[in-house]
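> predicted model and sequence follow; I will ask about them next.
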Amino acid sequence: MTSLLSSSPIGNIPYDILCEIFLYCMPHHPFHSAKSKSRSTPLLLCHVCSFWRSAALSCPSLWSHLQYTITMKRIKIKESGSSSMQWAFLRQDIDFLRWWKENQGTIAPFLSIDVCTVIYSREELQGRDYYVGEDTLDFVATYLNSAQYLRIDDSIYRENMPWIQPAFQNLHTLVFFYNPIVALNLLSSHSPKSLRFVSLQRGIIQSIQSIPHNFSALTHLSLHNVRISIESWYTLLRAVPKLEWGYFHIKEIYMYPTPTPTSITLSRLTSLTLSCNKASKIVALLKNLLIPVLHTLSLSSRSHSWQDERAIPRLTTILRRTPNITTLSLGETFLSLHSLVYDPTILAPEATPFWECTLHLAHLQLGLPFAHRNQIRGAEDRFSCFIRNVFRSDNTWLGLRHPSCPLHCVTIVDDQFDNIRDFATSETRRIAQAGLRVNVRIASESIERSASHKWMEWGSRA
């Protein structure tokens, strides 16, 4: 393999250029770091050939986001009729950290801590591959103190580990599981000045007593699978005026107590993803927000009910507060067919044509409203009916007939291959005439079909 690469053009690429290519292929999600596995980058690059290995090892930036999971075991040792609790670490974990310290200096890898409790006798422990002792605890604590990235859960409090609660002097990213309030208290007590990314996953935020003052410097905030009160929601957003990226997967929103309605301006937020159990709750979460520079907005809900019909027309009201959107994604249950079709006979503000609210919209992604079979009863299939309603020639909801409309690409997400394959060609002509490129993505397969499939992409703006 090495000889083949050396004789090919790629073998003549300088290390610095090759490193740029490697960095481009690394994961770029704010809260997903590179895994320390031989089948994942960057370690995978070292297994291709000696040329790639040399290039990869000469690029420090490639390894600065390597995540390593430390397994901590709380061991209950039985002896002489009594027992004692000690913390132990897998030998391979400590050996790796020591190797890292010798080769990478004081920069700590991205650490993920996995805590569990086991019971061993002293004799059983001798046969296990563990490090136990105060020296090991001090060594790990030093690493945590210099860590830039930590992925932990609330076990550091449940298991009473004061030694594992350092000052977090260099902490840039914190991913915390199971108890968001514990994470907020942890950050309030230590307040690392370098903190910019926070992800709170799973748990309940019913009432926030205090917000860490360093939240004012946060640029990225994620809530995943979290239950939160509407009051706590607004409290969090007021605390992050410099937020640039937000991902909020709200499992449930508690609407009481209702806070005093005051506007919140997020003047730097450019990307927002918001998912909730009902479309009406999404409207409530966005109700008092002003986001002037937002360019990417994704909305989705997991269920639909008749009460949501009154909330859906308010989508135009939301879009009026975000005038610079270029990419808009609307999930399948957030929409109904009739909400996509503009009716020029309705003069109410919420019935404003879509293109008048989003003057810069270039890419629109729509999820098919599968929850509404009754609305398209008698149609050959749901997909054709969807296109027939949304892209019909007299529908100006999307601004297809408006000369200044910048929309040039529509992505339609479906989970049934047959619906797309049987798509009527008569409907595609109307899309092509409108000057749009239409992509179709199979949601269940998580792939995007290539443009070589003529039934997958039609039309292009001249």
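The structure has been received and is ready for your questions. Numbering: from 1, shown residues only.

> quick one: low-confidence parts of the stretch 151-300 of the chain?
156-167, 191, 257-261 (pLDDT under 70).

> which stretches of it form helices?
Along the stretch 151-300 of the chain, counting by DSSP state H, counting those that start in this stretch, helices occupy 155-158, 180-190, 230-238, 279-286.

> which one of those lies nearest to residue 16?
In terms of Cβ to Cβ, the element of the helices of the stretch 151-300 of the chain nearest to residue 16 is helix 180-190, at 37.7 Å. Yep, even glycine has a C-beta here, placed from its N, CA and C like the rest.

> hang on, the earlier thing: is it possible to get a markdown table of the helices of the stretch 151-300 of the chain that adds distance to residue 136 and mean neighbour count?
Output for the helices of the stretch 151-300 of the chain, formatted as a markdown table (distance: least, Cβ to Cβ, whole Å; neighbours: other Cβ atoms under 10 Å):
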| stretch | distance to residue 136 | mean neighbour count |
| --- | --- | --- |
| helix 155-158 | 17 | 18 |
| helix 180-190 | 23 | 19 |
| helix 230-238 | 37 | 20 |
| helix 279-286 | 46 | 22 |
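
> can you list these in a markdown table and add distance to residue 168?
A markdown table is the format used below for the helices of the stretch 151-300 of the chain (distance: least, Cβ to Cβ, whole Å):
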| stretch | distance to residue 168 |
| --- | --- |
| helix 155-158 | 12 |
| helix 180-190 | 5 |
| helix 230-238 | 20 |
| helix 279-286 | 30 |
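
> closest one to residue 197 among those helices?
helix 180-190 (12.0 Å).

> got a list of contacts for that closest one?
154, 157, 165-168, 174, 176, 195, 198, 200, 203-205, 208, 210-215, 223, 226 (Cβ atoms under 8 Å, 6 or more residues apart in numbering).

> how many other residues sit next to residue 18?
20 (other Cβ atoms under 10 Å).

> distance of it relative to residue 44?
14 Å (Cβ to Cβ, to the nearest Å).

> same question, residue 218
Taken as Cβ to Cβ, the span from residue 218 to residue 44 is 32 Å.

> repeat for residue 149
20 Å.

> so for those two, which sits in the more crowded spot?
Taking residue 149 and residue 44 together and counting by other Cβ under 10 Å, residue 149 has the greater number of neighbours (22 against 16).

> check contacts around the nearest residue to residue 233 once chain neighbours are set aside.
Excluding the flanking residues, the one nearest residue 233 by Cβ to Cβ, 6 or more residues apart in numbering is residue 285, at 6.2 Å. The neighbours of residue 285, taking Cβ under 8 Å, 6+ apart as the test, are 230, 233, 248, 250, 253, 274, 276.

> how about 10 Å then?
The contact partners of residue 285, taken as Cβ atoms under 10 Å, 6 or more residues apart in numbering, are 228, 230, 233, 234, 237, 248, 250, 253, 274, 276, 299.

> one more: residue 293?
Per Cβ under 10 Å, 6+ apart, neighbours of residue 293: 244, 266, 267, 268, 269, 270, 322, 323, 324, 325.

> can you report how many residues lie near the first one?
By the other Cβ under 10 Å criterion, the neighbourhood of residue 244 contains 17 residues.

> isn't it up against residue 196?
Yes. Taking Cβ atoms under 10 Å as the definition, residue 244 is a contact partner of residue 196 at 9.4 Å.

> what touches both of the two?
30, 218, 219, 220, 221.

> how about a markdown table for the contacts of residue 293, with distance to residue 13 added?
Shown next, in a markdown table, are these (distance: Cβ to Cβ, whole Å):
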| residue | distance to residue 13 |
| --- | --- |
| 244 | 34 |
| 266 | 42 |
| 267 | 42 |
| 268 | 37 |
| 269 | 39 |
| 270 | 34 |
| 322 | 43 |
| 323 | 44 |
| 324 | 39 |
| 325 | 39 |
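
> farthest-separated two in those residues?
244 and 323 (17.9 Å).

> where does the stretch 1-150 of the chain dip in pLDDT?
Using pLDDT under 70, the stretch 1-150 of the chain drops low at 1-12, 27-43, 64-67, 77-83, 103-109, 115-128.

> which stretches in it count as strands?
Taking DSSP state E, counting those that start in this stretch as the criterion, the stretch 1-150 of the chain carries its strands at 34-35, 66-79, 82-90, 110-121, 130-132, 149-153.

> ditto for the stretch 151-300 of the chain
Using DSSP E, counting those that start in this stretch, strands in the stretch 151-300 of the chain cover 173-177, 197-205, 220-229, 245-254, 264-265, 271-278, 289-290, 296-303.

> give me the contact list for the fifth one.
For strand 264-265, the surrounding residues in contact (Cβ under 10 Å, 6+ apart) are 233-234, 237-238, 240-241, 287-292, 321.

> same thing but at 6 Å, please
Identification of contacts with strand 264-265 by Cβ atoms under 6 Å, 6 or more residues apart in numbering yields 237, 238, 288, 289, 290.

> do the same with the third one
The set of residues that contact strand 220-229 without belonging to it, under Cβ under 6 Å, 6+ apart, is 30-31, 197-206, 240, 243, 245-249, 251-252, 254.

> strand 245-254 and that strand, what's the angle between them?
Angle of strand 220-229 versus strand 245-254, following axes from the mean of the first three to the mean of the last three Cα atoms, to 10 degrees, is 0 degrees.

> about what we covered before: indicate which one of the helices of the stretch 151-300 of the chain is closest to residue 411.
Among the helices of the stretch 151-300 of the chain, helix 279-286 sits nearest to residue 411 (Cβ to Cβ), with 20.1 Å.

> put the alpha carbons of the closest one into CSV.
Extracted in CSV, the C-alpha atoms of helix 279-286 (Å, rounded to 0.1, in the frame of the first residue of the first chain):
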residue,chain,number,x,y,z
ALA,A,279,-46.2,22.4,17.6
SER,A,280,-48.1,24.7,19.9
LYS,A,281,-45.3,24.4,22.5
ILE,A,282,-42.7,25.3,19.9
VAL,A,283,-44.6,28.5,19.2
ALA,A,284,-44.7,29.2,23.0
LEU,A,285,-40.9,28.7,23.2
LEU,A,286,-40.3,31.2,20.4
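
> can you give me the angle that helix makes with strand 296-303?
In terms of direction (the same axes, to 10 degrees), helix 279-286 departs from strand 296-303 by 140 degrees.

> would you mind giving the strands of the stretch 151-300 of the chain as a markdown table with distance to residue 90 added?
Shown next, in a markdown table, are these (distance: least, Cβ to Cβ, whole Å):
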| stretch | distance to residue 90 |
| --- | --- |
| strand 173-177 | 20 |
| strand 197-205 | 24 |
| strand 220-229 | 28 |
| strand 245-254 | 32 |
| strand 264-265 | 46 |
| strand 271-278 | 36 |
| strand 289-290 | 46 |
| strand 296-303 | 39 |
